[in-house]
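Q: Structure of the sequence below:
(one chain, ligands or ions: 1)
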Amino acid sequence: MSSLVFRAAAAALLCCGLGAFAQEAPVEVSGAWVRATVPGQGGTGAYMTLQAPQDLQLVGVSTPVAGVAEVHEMKLEGNTMHMSAIPALALPAHQRVALAPGGYHLMLMDLKQALAAGSTVALTLRLTDAKGAQFTRTLQVPVRTGASAGTTPPGAMQHAGSHR
Ligand SMILES: [Cu+2]
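A: Numbering: from 1, shown residues only. As a prediction, this is how the structure comes out:
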């Protein structure tokens with residue numbers, strides 16, 4: 001019995017040690033886009049629909065074009081939309097989770113350059129599964145002006161603690 005427990009513990013260690021070598025996440029990504037910026041604009045959003053084949057969590061994002069990239073949620077508080085960073089966004093198995101203007105999004109801040117419509121931005125998503133295994137998923141995401149219906153005007157948003 002105790003040797004069984006030992007072996008289970010050893011297997012767990014092996015699993016998590018290997019987890020350091022993040023594997024490509026088996027998540028389906030559709031409709032990804034980044035909102036274009038004008039020179040001098042410090043931040044923008046990235047949007048997409050994610051569908052995972054097993055329970056996963058989106059725990060982070062990085063991109064070479066931004067000094068800071070976070071997973072954000074947007075909530076109506078009183079009459080004002082507030083957005084703030086969240087540590088993880090649950091991706092339940094086989095469910096489509098939308099990151100869209102006015103809701104969850106990837107926030108790119110401290111932009112190192114203006115993002116022109118028609119260009120492409122590399123985004124790397126970081127995900128974990130229920131056992132703590134780590135995954136990454138690198139995407140080449142098109143930049144668009146994104147003046148689509150239902151878009152919340154930027155003036156109606158306020159960032160919780162990220163104004164610079
Ligand atoms: Cu945001």
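Q: Tell me where this structure has strands.
A: 23-24, 28-35, 44-51, 56-62, 66-77, 80-85, 89-91, 96-99, 105-111, 120-129, 134-144, 157-159 (DSSP state E).
Q: Contact residues of this protein facing the ion?
A: Residues of the chain lying close to the ion by CB under 5 Å from the ion are 72, 83, 107. All C-beta spots, glycine's among them, are computed from the backbone N, C-alpha and C.
Q: Wait, the second one touches Met107, no?
A: Yes. Counting by CB atoms under 8 Å, Met83 does reach Met107; the two are 7.1 Å apart.
Q: picking up where we left off before, could you find the lowest-pLDDT member of the residues of the chain next to the ion?
A: Within the residues of the chain next to the ion, pLDDT reaches its minimum at Met83, with 93.
Q: Pull the number of nearby residues for the residue nearest to that residue when sequence neighbours are not counted.
A: Among residues not flanking Met83 along the chain, Met74 sits closest, at 4.4 Å (CB to CB, 6 or more residues apart in numbering). Met74 has 18 neighbouring residues, counting by other CB atoms under 10 Å.
Q: Also the one 5 residues further on?
A: A total of 6 residues lie near Asn79 under the criterion other CB under 10 Å.
Q: before we move on, what about the one 10 residues further on?
A: Neighbour count for Leu89, taken as other CB under 10 Å: 19.
Q: was I right about it contacting Val71?
A: Yes. Using CB under 8 Å, Leu89 is in contact with Val71, at 5.4 Å.
Q: Tell me the spacing between Lys75 and the ion.
A: According to CB to the ion, to the nearest Å, Lys75 and the ion sit 11 Å apart.
Q: if we look at the sheet, which residues does the residue nearest to that residue when sequence neighbours are not counted bridge to?
A: Spatial nearest neighbour of Lys75, chain neighbours left out: His82 (5.7 Å); criterion: CB to CB, 6+ apart. Note on His82: beta-bridge partners Lys75, Gln158, judged by DSSP bridges.
Q: okay but His82 is in contact with His72, surely?
A: No. Using CB under 8 Å as the test, His82 is too far from His72 to be in contact (10.0 Å).
Q: Compare the two and say which is more crowded by neighbours.
A: Taking neighbours as other CB under 10 Å, His82 and His72 compare with His72 leading, 23 against 16.
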